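**Q** can you look at this prediction? I've put the sequence above it.
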Amino acid sequence: DVVNPQTPVISNIQSLVGSDTATVSWSTDINSDTQLQYGLTSGYGSNTALNSTMSTSHQATITGLTPGTTYHYKARSANGNNIGYSQDMTITTTNVATVPVTVNKSGNGTGTITGTSGGNCGPTCTTMTINVPVGGSVTLNAAPSGGIPPSTFGGWTGACTNLVAIPCVLNNVTTAKTVNA
């Protein structure tokens, strides 16, 4: 007797959503593989990587999503050529509010200012803005260039008032800040 595999039935779909990721888990009634289809519409257009491990417990993570955006998705699990799909579902990523930290670089020397939350103001840059999540922190580092004669760091003013300390650390940023290097 030849037994044909059956189509997996998907149930118990749950999602955990962040600002740029979403993790979706689900169950199937028989062992099957794991994949999500997702996109901005019910036409999807993107898939997570196929996890070919046969199981009845499934989980897939979508990365690189845009904060504050609604996405459509459906779970997909297959047993052989028999593919089961969930209904179309939606998730909305959380919206991460940010505040700007503006860094102005001046002086006769050259060097680079970098921020831990992003941002790099190199030798020809005079201003950069780093968007920090509300209540978050940013650390600014100054690296004078080693030309002839070598440049030196003169210090911080503005939101960082310690004139010579490297790095400048701003914690619990809730309003726009300006730092001068």
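**A** Okay, I see it.
**Q** look up how far Asn31 lies from Pro8.
**A** Using CB to CB, to the nearest Å, Pro8 is found at 8 Å from Asn31. For glycine as for every other residue, the C-beta is placed from the backbone atoms N, C-alpha and C.
**Q** more neighbours: those two, which one.
**A** Pro8 (25 against 14; other CB atoms under 10 Å).
**Q** ok so, going back, need the residues touching each of Pro8 and Asn31.
**A** A shared contact of Pro8 and Asn31, defined by CB atoms under 8 Å, 6 or more residues apart in numbering, is any residue touching both; here these are Asn79.
**Q** end to end on stretch 11-22, go ahead and measure it.
**A** Between the opening and closing residues of stretch 11-22 there is a gap of 18 Å (CA to CA, to the nearest Å).
**Q** all numbers from here: first residue = 577
**A** Done: numbering now begins at 577, and the last item shifts to stretch 587-598.
**Q** what mean pLDDT does that stretch have?
**A** Mean per-residue pLDDT for stretch 587-598: 90.
**Q** can you give me the neighbour number for Lys681?
**A** Neighbouring residues of Lys681 were enumerated by other CB under 10 Å; the total is 21.
**Q** against Pro743, how distant is the closest residue to it other than its chain neighbours?
**A** The shortest distance from Lys681 to any residue that is not its chain neighbour, by CB to CB, 6 or more residues apart in numbering, is 4.9 Å, and that residue is Ala757. In this structure, Ala757 and Pro743 are separated by 11 Å, where distance is defined by CB to CB.
**Q** can you check Thr642 too?
**A** When distances are taken as CB to CB, Thr642 and Pro743 turn out to be 30 Å apart.
**Q** now Thr637
**A** Computed with CB to CB, the distance linking Thr637 and Pro743 is 33 Å.
**Q** neighbour count winner among the two?
**A** Neighbours were tallied for Thr637 and for Pro743 using other CB under 10 Å; the higher tally belongs to Pro743 (17 against 14).
**Q** doesn't Val714 make contact with that one?
**A** No: the pair formed by Pro743 and Val714 falls short of the contact definition of CB atoms under 8 Å, at 9.6 Å.
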